Each structure stands twice: as structure tokens, then as C-alpha cells.
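Novice: Next comes the sequence, and after it the predicted model I'd like to discuss.
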Amino acid sequence: MEKLFDWIVNHDEVSILCCPSFKIVNMIKKLGIIVDNINYDINFKDMPNVICNDFVFDNIKMRDCVVHYNCEKTYPVGRLHKGVFILRGDDKKHNGDCNPIESIEKLIDDNNLTKIFDSHVTKNLNKNYNHYYVYGTNF
């Protein structure tokens, strides 16, 4: 998780996609970073400060830096948007994970990233899955 913040602080504005944790979003805002919190889940439709739209199918303007918190849940954002990306995905293989992430290379390829600034893997030993993180661009 620290890697996300290390990378996010390099930007004044971010669009955060599919992040169910308001704690994370609020921590980023407290750093003085402008945040567009975009989530397709209708459970967030009446929540203040959440743009409840689907970035794949709805006309959503995203900031230059996009943080996608659950890449395994959606179509790759890098195929729809040009910019800087902070991507997080896991290999939990939940029912409904339409885009399973099993490596950093998959995040890079799926999102057409051409330059990688950093990457990281975190292994959850108790639950036997990995989180994959990539910071890069497709400009």
C-alpha cells in the first residue's frame, strides 16, 4: 500500500477508479491532492464525492494520472485513456473478476504501457494471493 502513496504524491490531481475504501481516498485528499473518486458500483450512487459512473461505458473525463485500484474487475483503462497510470490488481480469482491479473506484465500489456517508472508485488501469505502494482504511462 505504501507504494501507491509514494507514487500518488508525485501528482497534484488524480482520478481514482474502483476504490471501495474511503479511508484511502480521504488520506490522498488530506495530502492536498485533488481526487475524482469514480466508481461504477451503484451502492455508491448516493455517496457524496463519488462519481457513480462506469468509466468503460459512460463518458467520463479522467485526469492525467489515473489510479485504478481493482484492475481485475474491469476492462483495462489504458485501452480507453492516455495518461499516467498507477495500477493495482490481484490474483484472488473472485467470481466476477472479468480481467484476472496474474503478473505485472499483464497489467503492462493490458494497459498498453510504454514506459514503466516502478512496479511492485505484495504477497499475502495468509490468504495465498498477490497484489500487483505498476506505475507507468502509455503516452
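Specialist: Arrived safely.
Novice: for this structure, what spans make up the helices?
Specialist: 2-8, 22-30, 104-110 (DSSP state H).
Novice: List the buried residues in the second one.
Specialist: I take that to be helix 22-30. Across helix 22-30, burial judged by 16 or more other C-beta atoms under 10 Å covers 24-25, 28. Using the backbone N, CA and C atoms, a C-beta is placed for each residue, glycine as well.
Novice: Nearest residue to the middle of the protein?
Specialist: Residue closest to the average C-alpha location in the chain (C-alpha atoms, centre = their mean): His68, at 1.0 Å.
Novice: Could you double-check that that residue lies in contact with Thr74?
Specialist: Yes - using C-beta atoms under 8 Å, His68 is in contact with Thr74, at 7.5 Å.
Novice: any shared contact partners between these two?
Specialist: Residues touching both His68 and Thr74 (C-beta atoms under 8 Å, 6 or more residues apart in numbering) are 17-18.
Novice: quick revisit: please convert the buried residues of helix 22-30 to TSV, extending it with distance to Ile8.
Specialist: Compiled in TSV, these are given as follows (distance: C-beta to C-beta, whole Å):
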residue	distance to Ile8
Ile24	10
Val25	11
Ile28	6
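Novice: quick one: furthest residue from the center of this protein?
Specialist: Relative to the centre of the chain, the most outlying C-alpha is that of Asn126, 23.5 Å out, by C-alpha atoms, centre = their mean.
Novice: show me where pLDDT drops low in this structure?
Specialist: Counting by pLDDT under 70, the chain has low-confidence residues at 1.
Novice: residues contacting the nearest residue to Asp110 once chain neighbours are set aside?
Specialist: Nearest residue to Asp110 in three dimensions, chain neighbours excluded: Pro76, at 3.9 Å (C-beta to C-beta, 6 or more residues apart in numbering). Residues near Pro76 by C-beta under 8 Å, 6+ apart: 99, 110-112.
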